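> From the sequence below, what's the structure:
(chains A and B)
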There are 2 protein chains.
Amino acid sequence: MSLDDVLARIDADMPAATDRLLDLLRIRSISTDPAFKDDCDKAADWLVEDLQSLGIKAEKRVTPGHPMVVGHIDGPGPHLLFYGHYDVQPVDPLDLWDRDPFDPAIEDTAKGRVIRGRGASDDKGQLMTFIEACRAWKSVHGALPCKLTFFLEGEEESGSPSLVPFMEENRDELKSDIALICDTGMFESKVPAITTMLRGLLGEDFTITGPSRDLHSGMYGGIGMNPIRVLSKILAGLHDETGHITLPGFYDGVTELSDEMRAQWQGLNFDHSAFLEDVGLKAPAGEQDRTPLEQIWSRPTCDVNGIWGGYTGDGFKTVLPSQASAKVSFRLVGDQDPEAIRANFRTYLEANLPEGFTVEYRTDKASGASRMSVEDPAFEKARVALSDEWGIPAAYVGCGGSIPIAGYFKEIIGTDAMLVGFGKDDDQIHSPNEKYDLESFHKGTRSWARILHALSPSS
Amino acid sequence: MSLDDVLARIDADMPAATDRLLDLLRIRSISTDPAFKDDCDKAADWLVEDLQSLGIKAEKRVTPGHPMVVGHIDGPGPHLLFYGHYDVQPVDPLDLWDRDPFDPAIEDTAKGRVIRGRGASDDKGQLMTFIEACRAWKSVHGALPCKLTFFLEGEEESGSPSLVPFMEENRDELKSDIALICDTGMFESKVPAITTMLRGLLGEDFTITGPSRDLHSGMYGGIGMNPIRVLSKILAGLHDETGHITLPGFYDGVTELSDEMRAQWQGLNFDHSAFLEDVGLKAPAGEQDRTPLEQIWSRPTCDVNGIWGGYTGDGFKTVLPSQASAKVSFRLVGDQDPEAIRANFRTYLEANLPEGFTVEYRTDKASGASRMSVEDPAFEKARVALSDEWGIPAAYVGCGGSIPIAGYFKEIIGTDAMLVGFGKDDDQIHSPNEKYDLESFHKGTRSWARILHALSPSS
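Here you go, the predicted model:
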């Protein structure tokens, strides 16, 4: 079957494909906030209908949380599973958006045309690159080049609580030769990349309680221990002066890079100054004895994602608050054990609480790191297809983020995952004014058409 | 003129007096939040009308902020000025209130009857004790026992921005022999007290900015410096292990207690364990080489009154935030110079910002500490009147809180201030479920009737 006709069809269909994506972006599918439950449902319905229009047997599958979208279509050659997620991050702080995050539009910028809106890059725009590639194949050849399963999730941005039980219950149905995942980016916004290392994630969401009620700092200031003071001390103690994390046993299971991978990464000539300057930062803040790429891809981290306590409104309130809260997360690598680190963190935290203080924990988010085995020839075929599309040799890279699904495919389904994505560093995912380059959308779609061709028996 | 008739009149009028107070408590006069500007105005109107009903020439006086209420009435003997404030603290966290804070009511509790609602104790209930005492005098004798000026403020809970300019512009009008202030409490909720030492207050409300936008902690975690980590370290560094404040020069101007005052305070046998246990705390958190009463009354403090940054909603958002903010306040004593401490704090903060980080400051709240000179015989007359009402020898005490007005009377008007109040330690001022004991309201009113009598020429 001819690839060139498919690519030409993608080029011709770009305006309609973009309109379809804008349609999907208008749905407010924020999974972490229960207020948007119906919107998540609506996004799932939209995808079911779109997949059905391609002749795929697709349906919405109920979970205790947001639904899964699962679709199957028969075809020649290997059985490929495609994974993406239709849920998006919250949009606050809303006042920093230049437009309604759910009223997406094409914008001309100094760096080219972009699709602006929440989810444009993470992950609705990315997942549509694959669906649009399939649409073009179907339209040109009346069929798809491989046997395909679609598996689209609606809880990726809220810890995927239903994912593992669903995969375990539907293990046979999801069994496939390789899983394709489109939720990652290009290296330095220009080199096409297949991600082969992903950091894990451990989250702790907790509240420290000291006094039984908010106190007047005039009456109790000095003599009364302030929970914000306690929390600050606990958080400040998590890093030492050299950027290392101080929890006992934290680095157990952290693996060193192979010489080969280290050499390959050095060859990428990562410009960390430009990477940081682009977001207003100056010096790398991680472990000072590690290279910047290691800090992002292969070293574990600890970050405070949120903190709150006391009076935070306009003006001043001289309160000595009863409580102080924080959300802390750890990015994990190698064989670090999330549960062991959780236990060590809690031991450290509780050892630093003054007598009479208590702590309440709210979350149990945790996943270990993943490493793909790139020996499967499909990886090299895909790398060549990507290189052909972009005119640049594609690279095997690491990723600082956590995409636990990659590990689950290996553990539960026994399938290797291939992570290919077209996000750029300045896509502002998880931030106000998220965007996806029109080039990412267009060439991303063309890339999947090429990868499908490369993996099909007809190539 | 007979005091006994006035006291009997107060007893008989208590139900009506309580209704009047409930009326005033229904007005949502939160001064720090611009949304309640009209309510502050309404509270001022209510007081003007009430004072006028006593034959006092009262009027609302415009300021750049909330209005002042000023009233005059002639009479024999010394010219007394009464100060109180009609504004109240914000009410959040609202979900911790057992009733609408502005739908006040009388409640029966295990410790007796209380008036529940925002401002019941701080300061509407307290200021009405004085007005009700005047009402009883007027009702029984057709006149007041002294020449009186009323000076009621609506910005005490928001830093009193208009107060000093107003006092300076109206210096002659406010000139009086002594200023009476009702905004303090009983010692250990049972010993009537005249407060002669007040801590000053310096507030710093600031935001630290690191990255130019919120970042994904997967992409930037580790290499990107997190403003919450920076803020935590700055706040954690403000106290050393012994509870001392670490800012250079912070203790300059802190005066030691006189042997006489130290002996008097030791004689009060302050039960700090009960004081702390009542609010769920165990050990004193201030300077470990100081007694608990010193920690509250005569030692300076540093507290974080509010902190916020990153994602604080439900669920998890793995953001590396652009900003982190805090409200920090210092209680000052003796001759500590608020501006020198502000400068030292900012120097410390800025020295701990990583390269490229910036800080924005939002407030300029500052006032030094006050000490009254108790040689004026009016102090001893008032102390005897209080002792008579409560059947317990009244004490000269310190106060951890800051009532800058006391210092302003001395500096601007040249008048000593006498601080007498009937608040209890468990009044929960500045907290949810604020209350004022009906006993405080009743015996407080009787106390002022006695003090007016003691200071009048007819006594």
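> need the helices for chain A, in chain order.
Along chain A, counting by DSSP state H, helices occupy A:3-25, A:37-53, A:124-141, A:163-169, A:171-174, A:217-220, A:227-236, A:259-267, A:272-277, A:292-297, A:338-351, A:377-390, A:404-408, A:438-455.
> mind checking how far the third one is from the chain centre?
Read it as helix A:124-141. Relative to the centre of its chain, helix A:124-141 is centred 21 Å away, using CA atoms, centre = their mean, to the nearest Å.
> Residue of the stretch 101-250 of chain A nearest chain B, please.
Relative to chain B, the nearest point of the stretch 101-250 of chain A is A:G218 (2.5 Å; CB to the nearest CB). Yep, even glycine has a C-beta here, placed from its N, CA and C like the rest.
> tell me the contacts of that residue?
A:G218 makes contact with A:318, B:199, B:201, B:331, B:399-402, according to CB atoms under 8 Å, 6 or more residues apart in numbering or on different chains.
> Ok, A:I412 next?
Residues A:164, A:167-168, A:171 are the ones in contact with A:I412 under the rule CB under 8 Å, 6+ apart.
> The residue of chain A positioned farthest from its centre: what's it in contact with?
No residue in chain A has its C-alpha farther from the mean C-alpha position than A:M219, which lies at 47.3 Å (CA atoms, centre = their mean). Going by CB under 8 Å, 6+ apart, A:M219 touches B:296, B:400-401, B:425, B:429.
> Restricting to those, which residues neighbour chain A?
Contacts with chain A are made by B:296, B:400-401, B:425, B:429 out of these, judged by CB under 8 Å from any CB of the partner chain.
> for the helices of chain A, which one ends up most surrounded?
Mean neighbour count (mean count of other CB atoms under 10 Å in any protein chain shown) peaks for helix A:217-220 among the helices of chain A, with a mean of 26.
> returning to what we had before: turn the contacts of A:M219 into JSON lines, including pLDDT.
Compiled in JSON lines, the contacts of A:M219 are given as follows (pLDDT from 0 to 100):
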{"residue": "B:I296", "pLDDT": "88"}
{"residue": "B:G400", "pLDDT": "80"}
{"residue": "B:G401", "pLDDT": "78"}
{"residue": "B:D425", "pLDDT": "85"}
{"residue": "B:I429", "pLDDT": "93"}
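> Going by distance to chain A, which of those residues wins?
B:G401 (2.5 Å).
> quick one: contacts for that closest one?
For B:G401, the contact set (CB under 8 Å, 6+ apart) comprises A:216, A:218-219, B:184, B:198-199, B:331.
> Dump these into a markdown table; add pLDDT as well.
Output for the contacts of B:G401, formatted as a markdown table (pLDDT from 0 to 100):
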| residue | pLDDT |
| --- | --- |
| A:H216 | 85 |
| A:G218 | 81 |
| A:M219 | 81 |
| B:T184 | 91 |
| B:L198 | 87 |
| B:R199 | 89 |
| B:R331 | 93 |
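> Of all pairs in these, which one is the farthest apart?
B:T184 and B:R331 (15.0 Å; CB to CB).
> more crowded one of the two?
For the pair B:T184 and B:R331, the greater number of neighbours falls to B:R331 (26 against 23), based on other CB atoms under 10 Å in any protein chain shown.
> Report the beta-bridge partners for the more buried one.
B:L201, B:T301 (DSSP bridges).
> Tell me the spacing between it and B:R299.
8 Å (CB to CB, to the nearest Å).
> overlap in contacts of these two?
Residues touching both B:R331 and B:R299 (CB under 8 Å, 6+ apart): A:G222.
> residues in contact with stretch A:152-170?
A:29-32, A:40, A:43-44, A:47, A:61, A:63-70, A:83-89, A:122-123, A:127, A:174, A:183, A:203, A:363, A:365, A:404-405, A:408, A:412-413, B:315-317.
> again, only this time at 7 Å
With contacts defined as CB atoms under 7 Å, 6 or more residues apart in numbering or on different chains, stretch A:152-170 is touched by A:29, A:31-32, A:40, A:43-44, A:47, A:63-69, A:84-89, A:123, A:127, A:174, A:365, A:404-405, A:408, A:412-413, B:315-316.
> next one: stretch A:204-217
A:224-225, A:227, A:230-231, A:318-328, A:342, A:345, A:353, A:357-363, B:279-281, B:303, B:305, B:316, B:329, B:331, B:401, B:428-432.
> Looking at the residues you listed, which are in strands?
A:319-320, A:323-328, A:358-361, B:303, B:305, B:329, B:331 (DSSP state E).
> among those residues, who's most crowded?
A:L320 (34 neighbours).
> Pull up the gap between that residue and chain B, please.
Counting by CB to the nearest CB, to the nearest Å, the gap from A:L320 to chain B is 6 Å.
> Report the beta-bridge partners for that residue.
Beta-bridge partners for A:L320, by DSSP bridges, are A:L215.
> Quick one: residues contacting it.
Contact analysis of A:L320 by CB under 7 Å, 6+ apart lists A:211, A:215, A:217, A:220-221, A:224, A:226, B:303.
> Once you drop chain neighbours, what's closest to A:K37?
Nearest non-adjacent residue to A:K37, counting by CB to CB, 6 or more residues apart in numbering or on different chains: A:H66, 7.2 Å away.
> That should have said A:R371, apologies.
Distance criterion CB to CB, 6+ apart; nearest residue to A:R371, sequence neighbours excluded, is A:M197 at 5.3 Å.
> for that neighbour, what are its contacts?
Shown in contact with A:M197 (CB under 7 Å, 6+ apart): A:297-298, A:371, A:398-399.
> Would you format those as CSV with pLDDT included?
Listed next are those as CSV, based on pLDDT from 0 to 100:
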residue, pLDDT
A:W297, 87
A:S298, 89
A:R371, 82
A:G398, 86
A:C399, 83
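> Let me know the closest of those to A:P192.
Looking at those and their distance to A:P192, the nearest is A:C399, at 14.0 Å (CB to CB).
> close enough to count as contact, that closest one and A:T195?
Yes - the pair formed by A:C399 and A:T195 meets the contact definition of CB atoms under 7 Å, at 4.5 Å.
> Could you list the contact residues of the stretch 351-459 of chain A toward chain B?
A:354-356, A:363, A:365, A:400-402, A:428-432 (CB under 7 Å from any CB of the partner chain).
> And the ones in strands among the contacts of stretch A:204-217, which two are furthest apart?
Farthest-apart pair in the ones in strands among the contacts of stretch A:204-217 is A:Y361 and B:R331; separation 33.2 Å (CB to CB).
> so A:R61 touches A:M68, yeah?
Yes - applying CB under 7 Å, one finds A:R61 in contact with A:M68, separated by 4.5 Å.
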